[in-house]
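Novice: I would like to see how this sequence folds:
(one chain, ligands or ions: 1)
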Amino acid sequence: MRFLIKGARIVGPGESFVGDCLVDGETISAVGTDLSNFRDSVDKVFNARGKWLLPGAVDVHVHLEMPFMGTVSQDDYESGTECAVAGGTTSLIDFCLPAQDQTLTDALAVWDEKAANKAYCDYSYHMAITHWDESVKEEVKQIHAHGITSFKVFTAYKGALMIPDDAIFDLMQTVRKLGGLVTAHAVNGDVLNIKAAQFASEGKLTTHYHPLCQPPVAEGESTGRILELGQLADQPAYIVHMTCREAVEELSRARLKGWKSYGETCPQYLLLDDSVYDLPNFEGAKYVLSPPIRKKHDQDALWGALANGIVQTVGTDHVTFNFHGQKDLGKEDFRKIPNGLNGLEERLSLLYTYGVAKGKITENRWVEVCCTNPAKLFGLYPKKGVIAPGSDADLVIFDPQKNSTISAQTHHSKCDSNVYEGFALSGGPSHVFVRGHLSFEDGEFKGVRGRGKFLRRTAAGGPI
Ligand SMILES: [Zn+2]
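Specialist: Okay, here's the model as predicted:
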């Protein structure tokens, strides 16, 4: 189909202007202040006067159908990508997580199987490195050649996902030669394990103790260490889900020195505080994730870092477990609560409502951290993350006056609860196009299952 979007406020990473966008099939063919001369040659005109036009958002931190702590997360490639599209996200990057005894290639086959013919929007994977030897090192090259150009390490979850510093450094040197990004879940895992065991031995097993096992200093320490290893390997390093002032300080310090250091935060760390862990009736379990929700002053530090360029992206770490039947596995012991919460559908509108509309970030910075920077850092730009001729027609008509309230009753996730239950939104997508295909219109989901394709990514990794 050939169509014209007319009269929208086109919001890009650098500027905003009122104009039109012409789409031919799956690609943007023209953008300008007035493309009325194409009016007669198109199949349809969308009048977007009073609304905004954004590049489809890119969420680079998502887990779909993830096996974890003896159970599997609720949202799979079908419901997860439905959440994404309904919320204005048109590309996502999941994490392929090999088991300790599994090759990267075998793990990739498992993830391809999960994704096959289900997705409503485009997707890719980061490859997690959960063990390290010469054969894994060889496989990294093959995985990279397959278009998976970012690798993830964990400094926590000893015995399951954590690898030691020598392995991280060797991986960084390996990726340095290929081009790409090494990302890290950065919290000192040894500290975490000892503190958790100590609380347990004292019978302190309620959700109140979950955040106390991984204090901000343990996150700051690990963040600094990863960025230093990156600098020593001359390899760009990216810290996922930063939660606190201590982590922001480390990233700021590294960037001031000119290191290729990048960071991501998530809506839950910007909008929630640790009082959630003291909610009655085990409600705190809904918010159990790692790293945990922090204090109000950490929210201020993160908003500041987002506004002034210290933190580059907002992801979600969307991984959902039902309150009934999954989270309650840890009713007697917080260590057994499956970690994770939602955000894939809510991210763009939450950041608009509580960031742009509240004057914490500009509309252009909002687009930058939700759409453009993720695409640039992870090798999807300029195919994704920008409204420009030749780019994929992943587009969101965003209504900055659309009032709604978040609820598990109306969300697209399969999860039985929503950590933003009752949160008011003052704007949201009215139309979402996935490569030119109208997939969401005025609250009605119109996506086509299986339309989403695997994205082979180039080796990016900044600088931004
Ligand atoms: Zn994650």
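Novice: Tell me the buried residues in stretch 433-449?
Specialist: Burial within stretch 433-449, assessed by neighbour count using 16 or more other C-beta atoms under 10 Å, is assigned to 433-440, 447. (Each C-beta comes from the backbone N, C-alpha and C, glycine too.)
Novice: Save the residues you listed as CSV, and put in pLDDT and distance to Pro292 too.
Specialist: Shown next, in CSV, are the buried residues of stretch 433-449 (pLDDT from 0 to 100; distance: C-beta to C-beta, whole Å):
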residue, pLDDT, distance to Pro292
Phe433, 98, 37
Val434, 98, 34
Arg435, 98, 37
Gly436, 98, 41
His437, 98, 39
Leu438, 98, 39
Ser439, 98, 34
Phe440, 98, 33
Gly447, 98, 34
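Novice: can you tell me which of those are in strands?
Specialist: 433-434, 437-440 (DSSP state E).
Novice: For the closest residue in space to Thr313 that isn't next to it in sequence, give its distance to Val396.
Specialist: Excluding its sequence neighbours, the residue lying closest to Thr313 (C-beta to C-beta, 6 or more residues apart in numbering) is Glu264, at 4.4 Å. In this view, Glu264 and Val396 are 20 Å apart by C-beta to C-beta, to the nearest Å.
Novice: what's the answer for His210, then?
Specialist: Counting by C-beta to C-beta, the gap from His210 to Val396 is 35 Å.
Novice: Looking at those two, which is more packed in?
Specialist: Val396 (29 against 26; other C-beta atoms under 10 Å).
Novice: Assign the more buried one to helix, strand or coil.
Specialist: The three-state label given to Val396 by DSSP: H, G, I helix; E, B strand; the rest coil is strand.
Novice: Count the neighbours of the closest residue to Ala156 other than its chain neighbours for me.
Specialist: Distances taken as C-beta to C-beta, 6+ apart put Gly189 closest to Ala156, at 3.5 Å, once the chain neighbours are dropped. Gly189 has 22 neighbouring residues, counting by other C-beta under 10 Å.
Novice: quick one: Gly189 and Ile163 touch, right?
Specialist: No. Here Gly189 lies out of contact with Ile163, judged by C-beta atoms under 8 Å, at a distance of 10.0 Å.
Novice: Which neighbours do these two have in common?
Specialist: Taking C-beta atoms under 8 Å, 6 or more residues apart in numbering as the contact rule, Gly189 and Ile163 both touch Phe154.
Novice: distance between stretch 450-462 and the chain's centre?
Specialist: Taking C-alpha atoms, centre = their mean, to the nearest Å, the mean C-alpha location of stretch 450-462 is offset from the chain mean by 14 Å.
Novice: er, stretch 87-100 I mean
Specialist: 8 Å.
Novice: residues of that stretch that come out buried?
Specialist: Neighbour-count burial for stretch 87-100, counted by 16+ other C-beta under 10 Å, picks out 87-98.
Novice: try stretch 249-264
Specialist: The neighbour-count criterion (16+ other C-beta under 10 Å) identifies 249-252, 254-255, 259-264 as the buried residues of stretch 249-264.
Novice: how about TSV for those residues, with secondary structure, pLDDT and distance to Pro291 added?
Specialist: Shown next, in TSV, are these (DSSP: H, G, I helix; E, B strand; the rest coil; pLDDT from 0 to 100; distance: C-beta to C-beta, whole Å):
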residue	secondary structure	pLDDT	distance to Pro291
Glu249	helix	98	15
Glu250	helix	98	14
Leu251	helix	98	14
Ser252	helix	98	18
Ala254	helix	98	18
Arg255	helix	97	20
Trp259	coil	97	22
Lys260	coil	96	23
Ser261	strand	97	18
Tyr262	strand	98	17
Gly263	strand	98	13
Glu264	strand	98	12
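Novice: quick revisit: I'd like the buried residues of stretch 433-449 as CSV, with distance to Leu270 appended.
Specialist: Compiled in CSV, those are given as follows (distance: C-beta to C-beta, whole Å):
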residue, distance to Leu270
Phe433, 27
Val434, 27
Arg435, 30
Gly436, 32
His437, 31
Leu438, 31
Ser439, 27
Phe440, 24
Gly447, 28
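Novice: Between those, which sits nearest Asn339?
Specialist: Distance ranking of the buried residues of stretch 433-449 against Asn339, using C-beta to C-beta, places Gly447 first at 28.6 Å.
Novice: mind listing what that closest one touches?
Specialist: Gly447 makes contact with 81-82, 85, 120-121, 434, 439-440, according to C-beta under 8 Å, 6+ apart.
Novice: how about a cut-off of 10 Å?
Specialist: 78, 81-82, 84-86, 119-121, 412, 432, 434, 437-440 (C-beta atoms under 10 Å, 6 or more residues apart in numbering).
Novice: For those residues, work out which two are farthest apart.
Specialist: Glu78 and Leu438 (18.8 Å).
Novice: So which residues of the stretch 201-350 of the chain form strands?
Specialist: Assigned by DSSP state E, counting those that start in this stretch, the strands in the stretch 201-350 of the chain fall at 237-239, 261-265, 313-314.
Novice: Please convert those to CSV, extending it with distance to Lys286.
Specialist: Formatted as CSV, the strands of the stretch 201-350 of the chain follow (distance: least, C-beta to C-beta, whole Å):
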stretch, distance to Lys286
strand 237-239, 25
strand 261-265, 20
strand 313-314, 21
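Novice: and of these, who's closest to Phe3?
Specialist: Minimum separation from Phe3 across these (C-beta to C-beta) falls at strand 313-314, 29.5 Å.
Novice: chain center to stretch 275-291: distance?
Specialist: Counting by C-alpha atoms, centre = their mean, stretch 275-291 comes out at 21 Å from the chain centroid.
Novice: Which residues belonging to stretch 449-459 are considered buried?
Specialist: Buried residues in stretch 449-459, counting neighbours by 16+ other C-beta under 10 Å, are found at 451-452, 454-455, 457.
Novice: ah, wrong one, I meant stretch 6-16
Specialist: Buried, per 16+ other C-beta under 10 Å, within stretch 6-16: 6-13, 16.
Novice: Looking at the residues you listed, which two lie furthest apart in space?
Specialist: Between any two of those (C-beta to C-beta), the greatest distance is 22.3 Å, for Lys6 and Pro13.
Novice: all helices in the protein, in order from the N-terminus.
Specialist: Remark: helices assigned in the chain by DSSP state H are 77-86, 104-115, 134-145, 165-178, 189-201, 216-233, 245-256, 267-271, 296-308, 347-351, 363-367, 373-377.
Novice: would JSON lines of those helices with distance to Ser404 be doable?
Specialist: Shown next, in JSON lines, are these (distance: least, C-beta to C-beta, whole Å):
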{"stretch": "helix 77-86", "distance to Ser404": "12"}
{"stretch": "helix 104-115", "distance to Ser404": "30"}
{"stretch": "helix 134-145", "distance to Ser404": "40"}
{"stretch": "helix 165-178", "distance to Ser404": "42"}
{"stretch": "helix 189-201", "distance to Ser404": "38"}
{"stretch": "helix 216-233", "distance to Ser404": "33"}
{"stretch": "helix 245-256", "distance to Ser404": "31"}
{"stretch": "helix 267-271", "distance to Ser404": "16"}
{"stretch": "helix 296-308", "distance to Ser404": "23"}
{"stretch": "helix 347-351", "distance to Ser404": "8"}
{"stretch": "helix 363-367", "distance to Ser404": "18"}
{"stretch": "helix 373-377", "distance to Ser404": "25"}
